[in-house]
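K.L.:
Structure for this input, please:
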Amino acid sequence: MANISDTIEQFIKSFFGESDSIQLSRNDLAHYFGVSPSQISYVLTTRFSVDKGYVIESKRGGGGSVTVAKIVGTKEDFLPELLKQTDALDALTFNRAVSMVERLARDGIITDGEASIVKSAIGDRALAVPMADALRKNIFKEILVGLIRR
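P.N.:
The predicted structure is shown next:
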C-alpha cells in the first residue's frame, strides 16, 4: 500500500491533465486527506521541486494557496531556471544534485555518459573535503552555466 505522501503526490499530479500549471489550497488538501498543512508542504517541497521539473509559487493569504507549474520547453527555458534555483540554495546535497543530473539526462539536455561524468565529479568521493555540499553547489552551477553557453 502506498504511503500518504505518495497518495498526495499522485492526487496532485492527476490535476495537471493538459495544463502545465495548477492552483491548489494547502488547507483544502490537508482537510481532504486528514493531515496537517505541513504534510502537504512536505509533499510539495520534496515531490514537486525544480530538480523534478516543477516550480512552486506560494500566494500570501487565501488559505495557503499555491501554484504548481511544470517546467516545460527547451533547455533555454529550463537551464536558467535550474541555475537560479541552485544559486538560491545554501548548499547542494549529493542526492539532490543526482536528481537534477538525472532530469537533465531524461530531458535529453545531456547524454547518459555526460550524466555519469557529472555524477562522478560531484560525488562524495571526489569532494571528500569539509563543506562538500557548498563546493558541490558551486561546481554544479558552473556546469549549468557551461550547458547554457553550449
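
K.L.:
With only the CA atoms kept, save the lengthiest helix in the chain in CSV.
P.N.:
For the chain, the longest helix by residue count, based on DSSP state H, is helix 132-149. Taking Å, rounded to 0.1, in the frame of the first residue of the first chain, the C-alpha atoms of helix 132-149 are listed here in CSV:
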residue,chain,number,x,y,z
ALA,A,132,31.4,19.4,0.3
ASP,A,133,27.8,20.5,-0.2
ALA,A,134,28.8,24.1,-0.7
LEU,A,135,31.6,23.1,-3.1
ARG,A,136,29.2,20.8,-4.9
LYS,A,137,26.8,23.7,-5.4
ASN,A,138,29.5,25.9,-7.0
ILE,A,139,30.7,23.1,-9.3
PHE,A,140,27.1,22.3,-10.4
LYS,A,141,26.3,26.0,-11.0
GLU,A,142,29.4,26.2,-13.3
ILE,A,143,28.3,23.0,-15.1
LEU,A,144,24.8,24.6,-15.7
VAL,A,145,26.5,27.8,-17.0
GLY,A,146,28.5,25.7,-19.4
LEU,A,147,25.4,24.0,-20.6
ILE,A,148,23.6,27.3,-21.1
ARG,A,149,26.5,28.5,-23.2
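
K.L.:
Give me the domain ranges for this structure.
P.N.:
Taking automatic domain parsing as the domain assignment, the record places the domains of the chain at 4-70, 75-149.

K.L.:
Tabulate those (a markdown table), appending mean neighbour count and mean pLDDT.
P.N.:
(Each C-beta comes from the backbone N, C-alpha and C, glycine too.) Converted to a markdown table, the domains of the chain look like this (neighbours: other CB atoms under 10 Å; pLDDT from 0 to 100):
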| stretch | mean neighbour count | mean pLDDT |
| --- | --- | --- |
| domain 4-70 | 15 | 86 |
| domain 75-149 | 15 | 88 |
